[in-house]
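[1] give me the fold of what follows.
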Amino acid sequence: MKHMNMCPICGSTNMKFSNKQSHNLSVMGLPNVMAIGIHIYECSNCHEHFKEYPTSKAFKELIIRSLVTVSRDLTGREMAFIRKNLGFTARKWASLIRVHNVTLSDWENEKKAINKTAEIALRMRAALDLEINPEQIEVGTSDASVDISLLPITTTLPKVANWSHTQKMVVNG
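    Purely as a prediction, here's the structure:
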């Protein structure tokens, strides 16, 4: 990522940079996902803070791969993130995994729990789109810390995600 050289608020070019250890990705709709190495900038003039998130397709695919292969139940927000970032409308995604679009909406909005069969179908469909080996997919209710080794991707982005005791994913950068 390029460094921010000018404050978008006041126009000052006196920006301080830090590489924060971890930051919650709730801004991306994933409150249980923590990213390490997010760039933080502070304007020395107006003291505004700015966070710079990777927006590349590879970064989003990295998160999806981690979500698809984690051995615990997915949250509704995680399911929605997967669907949206693979480029599917709710209606099309529901059709692909053979459920009614209202049911999918209830799952994504966490009004109803997803059943295991449907969750496996969702993970398998995402795996198919990202060419993930189906043997990497597990569905469970693990609360413990789980290290997930991702398939190699040609990028400088991180290759490992870690799920902590609180089921927060940490993407190391």
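[2] distance of Ile97 from Asp129?
    Distance of Ile97 to Asp129, given as Cβ to Cβ, to the nearest Å: 12 Å. The way it works is simple: take the backbone N, C-alpha and C, and place the C-beta from them, glycine included.
[3] who has more neighbours, those two?
    For Ile97 versus Asp129, neighbours defined as other Cβ atoms under 10 Å are more numerous around Ile97 (21 against 16).
[4] so where do the helices sit in this protein?
    Ranges of helices within the chain are 57-69, 76-85, 90-96, 101-108, 116-130, based on DSSP state H.
[5] mind saving the C-alpha coords of the second one as PDB?
    Listed in PDB are the C-alpha atoms of helix 76-85, where the atom choice follows Å, rounded to 0.1, in the frame of the first residue of the first chain:
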ATOM      1  CA  GLY A  76     -24.700 -14.400   9.600                       C
ATOM      2  CA  ARG A  77     -22.400 -11.500   8.900                       C
ATOM      3  CA  GLU A  78     -19.600 -13.800   7.800                       C
ATOM      4  CA  MET A  79     -22.000 -15.600   5.400                       C
ATOM      5  CA  ALA A  80     -23.100 -12.200   4.000                       C
ATOM      6  CA  PHE A  81     -19.500 -11.100   3.600                       C
ATOM      7  CA  ILE A  82     -18.700 -14.300   1.700                       C
ATOM      8  CA  ARG A  83     -21.700 -13.900  -0.600                       C
ATOM      9  CA  LYS A  84     -21.200 -10.200  -1.400                       C
ATOM     10  CA  ASN A  85     -17.500 -10.500  -2.000                       C
END
